[in-house]
Each structure stands twice: as C-alpha cells, then as structure tokens.
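Colleague: Below is the structure, and that's it, no one-letter string:
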C-alpha cells in the first residue's frame with residue numbers, strides 16, 4: 001500500500017530545496033510528517049477532510065498547521081483538501097446546512113439557492129458565495145463543524161480498516177505460498 005501512495009506524494013527534498021519554506025525547515029522536515037504508515041496516512045486523510053471544509057484559501061494552511069500539530073502525513077493532508085472545489089462545495093455546504101438545522105432543532109433561516117458559478121469572474125462569485133454563507137447563519141456554522149468531524153472520523157476509520165485488511169490479506173498470501 002505504501003508503495004502505491006509514494007508514487008503520488010512528494011518527498012521532503014522539495015521542502016528542503018524551496019527558498020520560501022527554508023525558515024520552516026526544522027518544523028516541516030520532521031520525519032513523522034513525511035513517513036507513510038497506517039497512523040500517519042489515516043491522520044493525514046482525516047486532517048485533509050476536516051480542513052477541506054474551511055472556507056476560502058485557508059484550507060491548505062489549516063491542513064499544514066494541523067499536520068504539524070498532530071504529526072501526521074503532510075503531503076496527504078494537503079492533497080486531501082482538494083476534494084472541495086467550486087463544483088463540490090455547494091452540495092457539501094447544503095448537507096452541512098441541513099445537518100446544522102437538524103442539530104439545532106429546525107432553528108435558523110430559510111434556505112436560499114446559492115449564486116450560480118461564474119468562471120469568467122471568479123472574484124465576484126467568491127464574494128457572492130461568502131455573502132450567501134453568512135446569510136445562512138448558525139445552521140451552516142454548526143453543520144460545517146459537524147460535517148467536518150464526521151468526514152474526518154469516517155476517513156480515519158476507513159484508512160485504518162482498509163490498511164488492516166490489506167495487511168491481513170498479504171500475510172495470508174505469504175502463508176499460503178510458504179505451505180506450497
């Protein structure tokens with residue numbers, strides 16, 4: 001499993017070679033941030049899923065901070081935040097809004113349709129999305145935190161179980177090969 005993931009993840013030499021990241025070299029080159037095992041992969045995915053729901057361009061910064069704080073795989077956490085984009089954020093926030101309304105017992109304002117995506121003027125669309133989210137208020141705020149926690153927990157458990165199943169199958173294959 002580790003071999004498959006290493007193909008897609010950058011190595012820590014990229015950080016060492018970057019002049020912009022040189023001031024953070026001691027922190028960002030900690031071995032646990034780059035090591036790929038069950039714990040670090042599951043934690044990196046959970047951090048990425050959690051931070052992916054942070055609004056705006058702060059997702060990767062949040063993922064980097066949480067990765068350093070929890071000592072989980074940094075590249076995997078950064079990559080995982082990309083599950084939110086202009087096409088997926090509206091459905092995710094709609095789910096978060098409904099989850100927040102459910103948690104608050106139906107309190108909060110009425111749902112208003114989000115602004116239509118405009119690739120020609122991304123800045124105006126981003127501003128309109130921000131205004132739309134502020135208008136939804138408490139149900140959205142509570143729902144985003146709840147959805148982020150649910151996604152992070154589900155991702156963590158899925159990776160841990162998937163990795164465990166993969167290891168058990170490999171052990172059994174090796175045992176069967178030894179018996180022959």
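Modeller: Thanks, I have it. Everything quoted here is computed from the prediction, not taken from an experiment.

Colleague: hang on, residue 114 packs against residue 130?
Modeller: No. Counting by CB atoms under 8 Å, residue 114 does not reach residue 130; the two are 11.1 Å apart. The C-beta positions use only the backbone N, C-alpha and C, and glycine is treated the same way.

Colleague: higher neighbour count, the two?
Modeller: Using other CB atoms under 10 Å, the more surrounded residue of residue 114 and residue 130 is residue 114, with 17 against 13.

Colleague: That one and residue 171, how far apart?
Modeller: Separation of residue 114 from residue 171 (CB to CB, to the nearest Å): 49 Å.

Colleague: Now do the helices in the chain.
Modeller: 2-6, 13-17, 25-28, 31-34, 38-51, 59-70, 74-80, 89-103, 122-136, 138-179 (DSSP state H).

Colleague: Just give the nearest non-adjacent residue to residue 163, would you?
Modeller: Of all residues not flanking residue 163 in the chain, residue 38 sits nearest, at 4.6 Å (CB to CB, 6 or more residues apart in numbering).

Colleague: Need the per-residue pLDDT for the one you found.
Modeller: According to the prediction, residue 38 has pLDDT 91.

Colleague: now do the one 4 residues further on
Modeller: What the model reports as pLDDT for residue 42 is 96.

Colleague: List the contacts of the closest residue in space to it that isn't next to it in sequence.
Modeller: Spatial nearest neighbour of residue 42, excluding adjacent residues (CB to CB, 6+ apart): residue 159 at 3.9 Å. By CB atoms under 8 Å, 6 or more residues apart in numbering, residue 159 lies in contact with 38, 41, 42, 45, 46.

Colleague: again, 6 Å this time
Modeller: 41, 42, 45 (CB atoms under 6 Å, 6 or more residues apart in numbering).

Colleague: From those residues, keep the buried residues only.
Modeller: Burial by neighbour count, 16 or more other CB atoms under 10 Å: within the contacts of residue 159 this picks out 41, 42, 45.

Colleague: do you know how far the second one is from residue 123?
Modeller: Right, the one you point to is residue 42. Going from residue 42 to residue 123 by CB to CB gives 37 Å.

Colleague: Same question for the last one.
Modeller: Distance of residue 45 to residue 123, computed by CB to CB: 31 Å.

Colleague: Below-threshold pLDDT in the chain: ranges please.
Modeller: The model of the chain has pLDDT under 70 over residues 1-29, 107-112, 135.

Colleague: how far away is the residue of it positioned farthest from its centre from residue 167?
Modeller: Here the chain reaches farthest from its C-alpha mean at residue 180, the gap being 43.9 Å by CA atoms, centre = their mean. Distance, residue 180 to residue 167, using CB to CB: 21 Å.

Colleague: Could you do residue 95 as well?
Modeller: Separation of residue 95 from residue 167 (CB to CB): 33 Å.
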